[in-house]
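**Student:** build the 3D model from these lines:
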Amino acid sequence: MAGAVLAVTALSGCMQDMGQGTVSRFLQAQPEAGVADTSETKTAQPDARTSQDASPIIATLAARQSVLTPGSPYAEVAAGVLAADARVAEAELHVAQLRAEAASKNWWPTISPRITLTSLGDLVADLVINQVLFDNGRKKAERDLAKADVELAAVALSESSNDRVYDGLVLYLQAEEGRAAADLYGQALKDMGQFEWVMNERVKGGVSDFSDLNVLKQKLADLRARDAAAREKTTRAMAELNALSAVPLSDQRGLRGMGATATDTSLDVLRAMVERDRQIAQARIARADHLPGLSAGGSIRNGGDGLALSVNTEQMLGIGTGASLQAIEATKITADRKVTEARDIAQRGIDADQRAIAALKRQAAEAEGLTAQAKTNLDLFQRQYDAGTRQVMDVVSVYETFLRALEKQLDLKFRAARAELDAAKRLGVLADGAKI
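**Tutor:** Just a heads-up that it's a prediction; the model follows:
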């Protein structure tokens, strides 16, 4: 038995030295695909050098650095939400790695038991061996497909981790915006309450009309409603964030933590590249199914006398076989074009993100200037009121203008922070590749 297995394996090795002249003209005539890997190995056995090469996609993912500053509130939020991750994508990656390990040995001979019942009622047991000698690159394509599945699972893991960090940081920004708005409305309530007290005293003294007091009370009620909404927003966001995190994050404060924008390749582009490799491998398998292959096998009972060579195809040849092969080659070209399209879309998105960030920061700076101007006007009206040349409602009107300027500045500040977060998510640099 052992001698028969060695003989078949040796015969498979000898087939690698056969030139293309031993193959029919039908097998040699293949159109150019316009994609990489045009010089694929035609034998079933893998190339020892290429099989050990590290995946460039996984190396790229592992080398990605997070733009979150270590020790910052952003980094603490990211660490908390990643620690509570169920790691489903990681489990799927492990499954893909095991399948790739199994596929890496697909060129070895396969052996299976066979039990037959003879006409005399006797059971005869023997072993059946099969060794693929020439398969038009199918076995190699199966290994490449398994490798692409591992890369796709690795991309999915990176996407899952970055999405989880993004969700946590979005909730953190909502909580911070709610806190800032609550502080703003809390101070406004104090100031407007002072105006209400003054107006109430003037009404009591018969100096002002009661309608002005009602207007102030209505403004105070609106401020209380906005203050309550801001506090509710903070409470809701923090409850979701703490549920998403492995550690409490209620003590984190501030918008510090986002470093310079990275220049890494977008995860969407990496996914498109892996999917291209998968489609090409599948196309090569489909092509090999239409072409005849050579294998050796049979029963190894009686010293391996039952072993024989056989030529067969997975798909029967027909009138449409030529069109099927052309469609397979066209699939390879389409897969390449999808990568080009993904790069174009990703680049447009990155450029749009950068323009949006720059515009929001510029608008925030302008809003800060308008706020300073509104504060100057408010101080002027306050002095005029103290001097008796302005009415209370005049000062209230200018104060409302100042409050709207503060609200606009606050809104633009957090919109800019959210835009930076969106840009980092698009690139997939919210989590360190080596850690995930």
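**Student:** okay, CA-based contacts and neighbour counts for the rest of this
**Tutor:** Will do.
**Student:** remind me which residues of the stretch 101-250 of the chain are low pLDDT?
**Tutor:** The stretch 101-250 of the chain contains residues with pLDDT under 70 at 118-122, 124.
**Student:** all helices of it, in order?
**Tutor:** Ranges of helices within the stretch 101-250 of the chain are 138-204, 210-244, based on DSSP state H, counting those that start in this stretch.
**Student:** dump the ones you listed to CSV, plus distance to Gly369 and mean neighbour count.
**Tutor:** As requested, the helices of the stretch 101-250 of the chain are arranged in CSV below (distance: least, C-alpha to C-alpha, whole Å; neighbours: other C-alpha atoms under 10 Å):
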stretch, distance to Gly369, mean neighbour count
helix 138-204, 18, 21
helix 210-244, 24, 17
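**Student:** can these go into CSV with extra columns for distance to Ala78?
**Tutor:** As requested, the helices of the stretch 101-250 of the chain are exported to CSV (distance: least, C-alpha to C-alpha, whole Å):
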stretch, distance to Ala78
helix 138-204, 5
helix 210-244, 10
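**Student:** so which of the ones you listed is nearest Thr371?
**Tutor:** Proximity to Thr371 (C-alpha to C-alpha) singles out helix 138-204 among the helices of the stretch 101-250 of the chain, at 13.3 Å.
**Student:** for that closest one, name the packing helices and strands.
**Tutor:** For helix 138-204, the packing partners by 3 or more C-alpha pairs under 8 Å, 6 or more residues apart in numbering; DSSP states H and E come out as helix 56-62, helix 73-83, helix 88-103, helix 210-244, helix 267-290, helix 392-427.
**Student:** could you rerun that using 10 Å?
**Tutor:** helix 48-51, helix 56-62, helix 73-83, helix 88-103, helix 210-244, helix 267-290, helix 392-427 (3 or more C-alpha pairs under 10 Å, 6 or more residues apart in numbering; DSSP states H and E).
**Student:** on that earlier part again, can you check which of the helices of the stretch 101-250 of the chain gets nearest to Gly388?
**Tutor:** helix 138-204 (13.4 Å).
**Student:** rewinding a little: so which of the helices of the stretch 101-250 of the chain is nearest Gln131?
**Tutor:** The nearest among the helices of the stretch 101-250 of the chain, by C-alpha to C-alpha, is helix 138-204 at 11.5 Å.
**Student:** now do that closest one and helix 73-83, the angle between them.
**Tutor:** Angle of helix 138-204 versus helix 73-83, following axes from the mean of the first three to the mean of the last three C-alpha atoms, to 10 degrees, is 130 degrees.
**Student:** between helix 138-204 and helix 392-427, how big is the angle?
**Tutor:** Using the same axes, to 10 degrees: helix 138-204 against helix 392-427 is 170 degrees.
**Student:** centre of the chain to helix 138-204, how far?
**Tutor:** 17 Å (C-alpha atoms, centre = their mean, to the nearest Å).
**Student:** what angle separates that helix from helix 267-290?
**Tutor:** 150 degrees.
**Student:** where does the prediction get shaky in the stretch 251-400 of the chain?
**Tutor:** For the stretch 251-400 of the chain (pLDDT under 70), the answer is 261-263, 301-306, 315-318.
**Student:** mind doing that once more with 50?
**Tutor:** Applying pLDDT under 50 to the stretch 251-400 of the chain flags no residue at all.
**Student:** so where do the helices sit in it?
**Tutor:** Going by DSSP H, counting those that start in this stretch, the stretch 251-400 of the chain shows helices at 267-290, 301-304, 321-386, 392-427.
**Student:** okay, the ones you listed, which one's buried deepest?
**Tutor:** Greatest average neighbour count among the helices of the stretch 251-400 of the chain goes to helix 267-290 (a mean of 22), per mean count of other C-alpha atoms under 10 Å.
**Student:** elements contacting that helix?
**Tutor:** helix 56-62, helix 138-204, helix 321-386, helix 392-427.
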